[in-house]
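Enquirer: need coordinates for the following:
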Amino acid sequence: MVLFYDGGGSLGGRDPVVSRVDTFESAIEKLGCIAEVLSSLAQSSAEAEARIESAGDRIDRLNAENRALLDDLQQGKW
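Expert: From the prediction side, this is the model:
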C-alpha cells in the first residue's frame, strides 16, 4: 500500500502514516490481550486435567483396594 501525504487536507490534519501506526499498535495490543487470555485458559485447562487425572488415579486405587477386600471376604479371610 502506498500512502501520500497531502498536507493533512483530506485527513483533517492527521498524518496518514501516524494514523496507520496507531492502528497497528492498537491491533498489537489487542492481540497481546487475546494471547494472555488464551494462555490463561490453557493453563487452567491443564490444571483441571491434572486434577481429574489425580482423582481418577485415586478412584482406580480405591477400586483395586475394594476388589482385594472383596476377594479376601470371599475366601473367608475376614
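
Enquirer: so A48 is in which element?
Expert: Under DSSP states H and E, the secondary-structure element containing A48 is helix 16-74.

Enquirer: if I look at E29, how far off is A35?
Expert: 11 Å (Cβ to Cβ, to the nearest Å). (Each C-beta comes from the backbone N, C-alpha and C, glycine too.)

Enquirer: hmm, I was thinking of I52
Expert: Counting by Cβ to Cβ - I52 and A35 are separated by 26 Å.

Enquirer: sec struct for G76, please.
Expert: Put simply, G76 is coil when judged by DSSP: H, G, I helix; E, B strand; the rest coil.

Enquirer: can you pull the contacts of it?
Expert: Counting by Cβ atoms under 8 Å, 6 or more residues apart in numbering, G76 touches no other residue.

Enquirer: backbone dihedrals for it, please?
Expert: Dihedral angles of G76 (phi, psi; degrees, to the nearest 10) stand at phi 80, psi 20.

Enquirer: pLDDT score for it?
Expert: Among the per-residue scores, G76 holds a pLDDT of 84.

Enquirer: ok, Q75 - how many residues close by?
Expert: When counting by other Cβ atoms under 10 Å, one arrives at 8 neighbours for Q75.

Enquirer: scratch that, T23
Expert: T23 sits with 10 neighbouring residues when counted by other Cβ under 10 Å.

Enquirer: next one: G32
Expert: G32 has 10 neighbouring residues, counting by other Cβ under 10 Å.

Enquirer: quick check: it vs I59, distance?
Expert: Applying Cβ to Cβ, the value for G32 to I59 is 41 Å.

Enquirer: same deal with Q75?
Expert: Using Cβ to Cβ, we find Q75 at a distance of 25 Å from I59.

Enquirer: output stretch 50-61 as PDB, restricted to C-alpha atoms.
Expert: Extracted as PDB, the C-alpha positions of stretch 50-61 are listed here (Å, rounded to 0.1, in the frame of the first residue of the first chain):
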ATOM      1  CA  ALA A  50      -4.300 -32.800  36.200                       C
ATOM      2  CA  ARG A  51      -6.900 -32.700  39.000                       C
ATOM      3  CA  ILE A  52      -9.200 -35.100  37.000                       C
ATOM      4  CA  GLU A  53      -6.200 -37.400  36.500                       C
ATOM      5  CA  SER A  54      -5.300 -37.400  40.100                       C
ATOM      6  CA  ALA A  55      -8.900 -38.000  41.100                       C
ATOM      7  CA  GLY A  56      -9.000 -40.800  38.500                       C
ATOM      8  CA  ASP A  57      -5.900 -42.300  40.000                       C
ATOM      9  CA  ARG A  58      -7.400 -42.300  43.400                       C
ATOM     10  CA  ILE A  59     -10.600 -43.900  42.100                       C
ATOM     11  CA  ASP A  60      -8.500 -46.600  40.400                       C
ATOM     12  CA  ARG A  61      -6.600 -47.200  43.600                       C
END
